[in-house]
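>>> Need coordinates for the following:
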Amino acid sequence: VIYELHVGDFSPEGTFKGVTERLDYIRDLGVTAIELMPIQEFPGDVSWGYNPAYFFTPESAYGSADDLKELVDGAHQRGIGIILDMVFNHTDSSNPLTRLYAYQDNPYFGEDGNPWGFPDFNHWDDATKGLIREIQDYLLLEFHVDGFRYDHAEGIGFDAMSGMQYLGWAARQTKPQVWLIAEQLEDPVSVVEKTEIDASWHESYHRYFRAQLREGDYQGHRYGDMEGVLAQMIFSRSGYSDNAQAINYVENHDQERIAYEVRTNPTLDNDEAVRAKCKLAALALYTAAGVPMIYAGQEFATSTPKTIDSNKLDWNRLNDPVWEDLKNTFANMATLRANHNALTQNSLEAILVDNDRKLLIFKRWNDQGNQVVVGLNFAPAEQAAEITFPRAGLWHEWMYDYDADFGDQPTQTISLPPSGGKVWIAA
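Below is the predicted model:
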């Protein structure tokens, strides 16, 4: 389970120490890796960090290098890895490298350009390759980080020896087990198949689910398209060859919050509806075939509009039983995933796909006999369905904590709550 966070917004302090002080909270959510949005020094004190100016120093507003090391060490002590979001496509114009040469003669930069107008690194030049390798080695060896997420991989590109291939190869020479993730949104699979990259952001996943959660079409995706939703939950339908290659999410820093999106439907603009939809999103995310990622604050339904300005999490929301309950659901789903190996395998097969009723029921399993059945109801009313479980006998329902003995009859009529779901585990 990956937990993406912005250091400046995560805590009232907006510092590395502010994150370190909340590591127990993150651990108790069941998180296994923290993905820090870019922490390299940038101009000013407030930024998402995608305008790095000095790659060998952490952002001074967040604290010192020792503070960052303390955060990494504290995470490791709790069994949590640290992934750094790295911006290697470009740099801020204040980077000293931009002043060494005229731009057209600068070996570090190319003419490809980027959507933001920043100086654009030339990843086919040995000067840039040497710089990138030094930066990665410094972070891997001095700070002992566990992985990188490469921003805007489309802009970097790759061939057999350069670009994303070189970034991955160079990192793995220093730390063979480093975990490498690419943000390549339009063609997320090719960078995994053809380079040293382990996984990529599965961008289409959130679009299908947002339509279901807000009960209305979203960016061309239709409410009730259960076939489309199922395809997003099966990694191979997107072209991946293993579930560990697909980083699934319904929220990240680039999108509006799910709680915000749900409230754009006037019939859902209330706390109970938002909680139900957020729980349903978590249930689907943690049982899909892929690696689940959540964005800090998602677990208590943060609903502030997206902004690149300061936007600190409101931790007081956890004093409200509604949002405390939602947070506990996220932790509960992480426990389910950690304790049932079937949910980390490549297996996922539909039992029922009903577009009209907006029902999706599927099974997960492993070779050791662990079997899980998941029922998702995206409609706002309770519904019943007749399904055939993988076997008869005793099953335990995880979400509501009860046993169901099917005797010798695997075909059963089950009920699913409105905008909710259930998870059955073979006993």
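>>> Any idea which residue is closest to the centre of the chain?
In the chain, the residue lying closest to the centroid (C-alpha atoms, centre = their mean) is residue 293, at 2.4 Å.
>>> quick one: pLDDT of it?
Residue 293 is assigned 98 on the pLDDT scale.
>>> Would you map the strands across the stretch 1-150 of the chain?
2-5, 33-36, 40-41, 54-58, 81-86, 147-150 (DSSP state E, counting those that start in this stretch).
>>> circling back: the helix or strand containing the residue nearest to the centre of the chain packs against which elements?
Following DSSP states H and E, the helix or strand that holds residue 293 is strand 291-295. Secondary-structure packing of strand 291-295 (3 or more C-beta pairs under 8 Å, 6 or more residues apart in numbering; DSSP states H and E): strand 2-5, strand 246-248, helix 271-287. In short, each C-beta sits where N, CA and C put it, glycine included.
>>> orientation of that strand relative to helix 271-287 in degrees?
Interaxial angle, strand 291-295 versus helix 271-287 (axes from the mean of the first three to the mean of the last three C-alpha atoms, to 10 degrees): 150 degrees.
>>> who does strand 291-295 pair up with?
strand 2-5 (parallel), strand 246-248 (parallel) (DSSP bridges).
>>> List the buried residues of the last one.
Of the residues in strand 246-248, those buried by neighbour count under the rule 16 or more other C-beta atoms under 10 Å are 246-248.
>>> Next, format those residues as a markdown table and append distance to residue 152.
Listed next are these as a markdown table, based on distance: C-beta to C-beta, whole Å:
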| residue | distance to residue 152 |
| --- | --- |
| 246 | 19 |
| 247 | 15 |
| 248 | 20 |
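>>> Kindly reformat those as CSV containing pLDDT and distance to residue 53.
CSV is the format used below for the buried residues of strand 246-248 (pLDDT from 0 to 100; distance: C-beta to C-beta, whole Å):
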residue, pLDDT, distance to residue 53
246, 98, 33
247, 98, 28
248, 98, 33
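>>> what separates the residue nearest to the centre of the chain from residue 376, distance-wise?
Distance of residue 293 to residue 376, computed by C-beta to C-beta, to the nearest Å: 19 Å.
>>> Closest to residue 51 out of the buried residues of strand 246-248?
Nearest to residue 51 among the buried residues of strand 246-248, counting by C-beta to C-beta, is residue 247 at 23.7 Å.
>>> Who does that closest one form a beta bridge with?
residue 201, residue 291.
>>> isn't it right next to residue 198, touching?
No. Between residue 247 and residue 198 there is no contact under C-beta atoms under 8 Å: 9.7 Å.
>>> what sits in contact with each of those two?
Taking C-beta atoms under 8 Å, 6 or more residues apart in numbering as the contact rule, the neighbours common to residue 247 and residue 198 are residue 181.
>>> and stretch 157-175, what's its mean pLDDT?
Per-region confidence: stretch 157-175 scores 97 on mean pLDDT.
>>> contacts for it?
So stretch 157-175 is contacted by 88, 123-124, 129, 132-133, 136-137, 140-141, 148, 150, 153, 156, 178, 180, 182, 191, 194-197 (C-beta under 8 Å, 6+ apart).
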